Structures are given as C-alpha cells and as structure tokens.
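Asks: Sequence first, predicted coordinates after that:
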Amino acid sequence: MSDQRQVTIAPKTGVMSTGSLLNSQMAYMTYQRANNFVTSTAWPLSGLGIYVPVTVEQPCTFKKMTVLNGVTLNGTLGVGIYDESFNRLTSVAAATQTGASVTQTLDIADITVPPGIYYLMMVVASATATYMCAGSQTALSLRTCGVLEQTGITDTPPNPGVPVAYTRTFVPLLSAHYNSVI
C-alpha cells in the first residue's frame, strides 16, 4: 500500500520594495555601506521619474503600490511597473499625496508577470513634496545598481519609459504588493 499525500501550496503574498534586501540590489548596497537609510527628502525636480529595478523570482500578480510620504505634502504623484524594455505594465496617475509621514497605498490594475527584472517607477509633479528615501548614496553607486531617471514628465508614468543615467543621490522607498502564482 502506498502512502499518498496531497500537499496544497497556498499562494505567497508579499511586498517587493526598493528597500528590501531580498529584491533590490540598491537596498543591499545601502545596508552594506551602513548609510543613513531612511530620511524625509524633498523631491528635487517637478516631473522627475525614478526607475528602480527589482527581481521577481517566481510568477506573481502585482495588486497595489505603496509610497512612504515625508513630512511635507504637496501635489500629485504617479507610480508604475515596467518591464526590462520600459514598457509600462500598470500604473496610477495623478494621485494626490495624502497623509504626512505615513504609508500611502495606491490601487493598480492587477498585472501577472513571469520571473525577471522589473522596474518600480515613481514620478512627482512637485519640487517641494517630501518622501521617505534611502539617502547618502552616490549617483555612480545607484547607477551601478540599475537605478535610472527620466525628466520632463508630469504625474503620469509614460509609456514607454525613456530613462537615462541616474544623477541623484537618493532613491524613494517604493513598494509593489503581490500574490505569487502557482
């Protein structure tokens, strides 16, 4: 008589973040350098979009995105998820920054993706709004981690994205909430 057991594996739910040591080379580098990791930082330029790569290790469905607001609220923002060719897969545009020093969660259209490299993108239409960011970096170290930027956009993530070399010294703490796909 054989011993047959059925194993049910429930989908994993999680958060993929630019601040996670598991998903982001930028976060690991920051941790290793023991820099001042989180600070409330003024967005330096209205219409600046920042693309931060994250690694997806198994198929998953992205459902929401989160930003961490700083102490000064002003204007609107957009967030999105891009593939390696900078095609926008899903986004939210013109969301009003709401709640000082709190997490702001934004609903996105669900998108299921296979394993690979993806970019979490954030754009802000204000040069005075603050967000929680990983600071005290060099532009070169962040470029080495694959962080890119795009200027001249509004609060709507562009499609396609046309990012260029990164010139800033911080990265916003930005997250994408997901369920794994079995």
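Replies: Ah, there it is.

Asks: C-alpha only now, for contacts and for neighbours.
Replies: Will do.

Asks: What segments of the protein are helices?
Replies: Taking DSSP state H as the criterion, the chain contains helices spanning 25-33, 139-144.

Asks: Show me where this structure has its strands.
Replies: In the chain, the strands defined using DSSP state E lie at 13-17, 39-42, 48-56, 60-68, 76-82, 88-96, 103-113, 116-124, 130-134, 148-150, 164-165, 171-172, 174-180.

Asks: Any idea how many residues pack against the nearest residue to Pro59 once chain neighbours are set aside?
Replies: Leaving aside its sequence neighbours, Pro59 sits nearest to Pro114 (Cα to Cα, 6 or more residues apart in numbering; 4.3 Å). Counted with other Cα atoms under 10 Å, residues neighbouring Pro114 total 12.

Asks: Now do Pro114 against His177, distance only.
Replies: As judged by Cα to Cα, to the nearest Å, Pro114 and His177 stand 15 Å apart.

Asks: wait, what's in contact with Pro157?
Replies: Contacts for Pro157 (Cα atoms under 8 Å, 6 or more residues apart in numbering) come out as 49, 78-80, 88, 91-93, 121-123.

Asks: Now with 6 Å, please.
Replies: With contact set as Cα atoms under 6 Å, 6 or more residues apart in numbering, Pro157 has these partners: Gly78.

Asks: So which bits of stretch 106-119 are buried?
Replies: Using 16 or more other Cα atoms under 10 Å as the test for burial, stretch 106-119 gives 106, 108, 113, 118-119.

Asks: Same check on stretch 166-182?
Replies: 166, 168-180.

Asks: in the sheet, who's paired with Ser91?
Replies: Gly80 (DSSP bridges).

Asks: should've said Ser180
Replies: Beta-bridge partners of Ser180, as defined by DSSP bridges: Cys60.

Asks: Okay, it and Phe170: tell me how far apart.
Replies: Relative to Phe170, and taking Cα to Cα, Ser180 is found at 30 Å.

Asks: repeat for Gly152
Replies: 19 Å.
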